[in-house]
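Enquirer: build me a structure from this.
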Amino acid sequence: MNISNSKIVNELLPLVKILGLSNLDIKVYMTLLINGPLTARRLAELLSIPSTKVYEPLNRLLEKKFIDKSHDRPAIYSARPPREVWDEIKHKIIELMDSIEKYIIPQLEVIAHGASQPYQITIIPQENIVREIKLLILKSKSNVDAALSFPELIVDDIINALIEASKTKRVRILITSSMASLVDKIKNEFIYVKVLNDMFGSGIIGDAVILVVRTPSGILNAMWSSHKYFNEIARVYFDYLWGKAKGLS
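Expert: Sure, this is the predicted structure:
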């Protein structure tokens, strides 16, 4: 990739990271856009990476409709036109904004007009996120809902905590389809799992709420809150997403 194209990639990174894409994802898209349809092996050669490393970004780009995949053997991958990709991004953003307006704004209005109450909000740095999620899951007396869209959260500490919690309470998990294969070990009769093509963030809801987002620089940041209205907003939005999701096959 030449200097001019590298500059374009760097300029696009803040936007695509908000959409859940990585530096490598955008490089894969740009390489397909510039070179035309390619096999995964040839794509890996052009990017100077092992062929095994190219499938994860390809799958992410397929899910977000940035690229297409043929039914040939081997499969041929091609970049969708930039205008079509942008239209898809706008569609997702508009859909998210509509759902916020419909499900979250009314709850925020309740907060604005309701009586004040003691509550706490804490910002959690990336290095403490897994620990705090584990503690919330294990200490919660109420049912646990988990939306997991970042690979960094599909770790043994969190998975084992969810399994342990499912012994005494209902546990529902939403994941993105790109990570469905990573959670085979939590598929059991006590845990309900559904899949969405895409999510803009992650969250754990129990007696409190932890919301996790990825910053434009790629770092995970999280917020913990014990406010009952935040909990209600999170439950309502989770239920909305749960209704749209599909069962894990």
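Enquirer: how is this structure divided into domains?
Expert: 3-80, 117-247 (automatic domain parsing).
Enquirer: mind putting these into a markdown table with mean pLDDT?
Expert: Listed next are the domains of the chain as a markdown table, based on pLDDT from 0 to 100:
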| stretch | mean pLDDT |
| --- | --- |
| domain 3-80 | 84 |
| domain 117-247 | 86 |
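Enquirer: and of those, who's closest to Leu96?
Expert: Proximity to Leu96 (C-beta to C-beta) singles out domain 117-247 among these, at 6.2 Å. For every residue, glycine as well, the C-beta is placed using N, CA and C.
Enquirer: list the contacts of the spatially most central residue of the chain.
Expert: Nearest to the geometric centre of the chain sits Ser149, at 2.6 Å (C-alpha atoms, centre = their mean). By C-beta atoms under 8 Å, 6 or more residues apart in numbering, the contact set of Ser149 is 20, 175-176, 179, 198-202.
Enquirer: in strands, which of the residues you listed fall?
Expert: 175-176, 202 (DSSP state E).
Enquirer: if we can go back for a sec, indicate which one of the domains of the chain is closest to His91.
Expert: Closest approach to His91 among the domains of the chain is made by domain 3-80 (9.2 Å; C-beta to C-beta).
Enquirer: ok so, going back, got the domains of the chain as CSV, with distance to Asp98 columns?
Expert: Converted to CSV, the domains of the chain look like this (distance: least, C-beta to C-beta, whole Å):
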stretch, distance to Asp98
domain 3-80, 17
domain 117-247, 11
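Enquirer: quick one: the strands in this structure, in order.
Expert: 38-39, 67-69, 76-79, 121-124, 144-148, 171-176, 191-196, 202-205, 209-214, 220-225, 246-247.
Enquirer: gap between Leu148 and Leu32?
Expert: Distance, Leu148 to Leu32, by C-beta to C-beta, to the nearest Å: 28 Å.
Enquirer: Ala180 reaches Lys194, doesn't it?
Expert: No - taking contacts as C-beta atoms under 8 Å, Ala180 lies outside contact range of Lys194: 10.1 Å.
Enquirer: want to throw the ones in strands among the contacts of Ser149 into JSON lines with neighbour count?
Expert: Formatted as JSON lines, the ones in strands among the contacts of Ser149 follow (neighbours: other C-beta atoms under 10 Å):
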{"residue": "Ile175", "neighbour count": "25"}
{"residue": "Thr176", "neighbour count": "21"}
{"residue": "Ser202", "neighbour count": "24"}
